[in-house]
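Asker: task: produce atomic coordinates for the following.
(one chain, ligands or ions: 1)
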Amino acid sequence: MRPIEILLTSISAAALALLAVLVLPTGDETAFQHEVGESRATEAPREIREVHPGHYEAIVHAYEGGFEPSEIRVPVGSTVTFKVLSSEDYHGFAIQAADVNLSLAPGIAEEVVHTFGDTSVVYYYCTVYCGNNHYAMLGKIVVE
Ligand SMILES: [Cu+2]
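Answerer: Purely as a prediction, here's the structure:
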């Protein structure tokens, strides 16, 4: 390998290791209740999955005009860790009737944890005016 190839390989390995540290769960699930954290990521897989019984992780991508996913369904009593990333602009992520309000800067994943107690439908929305499609940035959480 040429020196430049060795350098690029080393950088790639370091980036993957950093991503693994940021994405893997810590195992300290009892401390989660409205905790807000920050981590860096370059790409967000978009999914909802149960990481422990009753504890879900939702990866949400904010973009001008919406969120992906635009609908999240969780059982009553679920604790959800939202990992929210905007890749291209400044946005916000707030959940109706919950103490959740994140400011999103491009390329920086923000994290918040919330527990949903009762059967309900609540909406999440952008709190930073981001252009003509700002008011279309709406998603739905169905607690069932
Ligand atoms: Cu907006």
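Asker: against the ion, how distant is residue 134?
Answerer: 4 Å (CB to the ion, to the nearest Å). The way it works is simple: take the backbone N, C-alpha and C, and place the C-beta from them, glycine included.
Asker: count of neighbours near that residue?
Answerer: 16 (other CB atoms under 10 Å).
Asker: hang on, it packs against residue 92?
Answerer: No. Assessed by CB atoms under 8 Å, residue 134 is found out of contact with residue 92, at 9.6 Å.
Asker: now for the two: what residues contact both?
Answerer: 126, 128 (CB atoms under 8 Å, 6 or more residues apart in numbering).
Asker: how near is residue 136 to the ion?
Answerer: 9 Å.
Asker: you'd agree that residue is up against residue 65?
Answerer: Yes. If you go by CB under 8 Å, residue 136 and residue 65 touch, sitting 5.0 Å apart.
Asker: need the overlap of contacts for the two.
Answerer: Listed contacts common to residue 136 and residue 65 are nil; contacts here mean CB under 8 Å, 6+ apart.
Asker: any residue of the helix or strand hosting residue 67 touching the ion?
Answerer: Residue 67 belongs to strand 66-68 when elements are defined using DSSP states H and E. No. Strand 66-68 lies out of reach of the ion by CB under 5 Å from the ion, never closer than 9.9 Å.
Asker: helices and strands around that strand, which ones?
Answerer: With contacts defined as 3 or more CB pairs under 8 Å, 6 or more residues apart in numbering; DSSP states H and E, strand 66-68 has these neighbours: strand 55-63, strand 138-143.
Asker: out of the ones you listed, which comes closest to the ion?
Answerer: Of all the helices and strands packed on strand 66-68, strand 55-63 sits nearest to the ion, with 8.1 Å by CB to the ion.
Asker: what pairs with the closest one, and is each one parallel or antiparallel?
Answerer: strand 48-52 (antiparallel), strand 66-68 (antiparallel), strand 79-86 (parallel) (DSSP bridges).
Asker: and those strands, which is most packed in?
Answerer: strand 79-86 (a mean of 23; mean count of other CB atoms under 10 Å).
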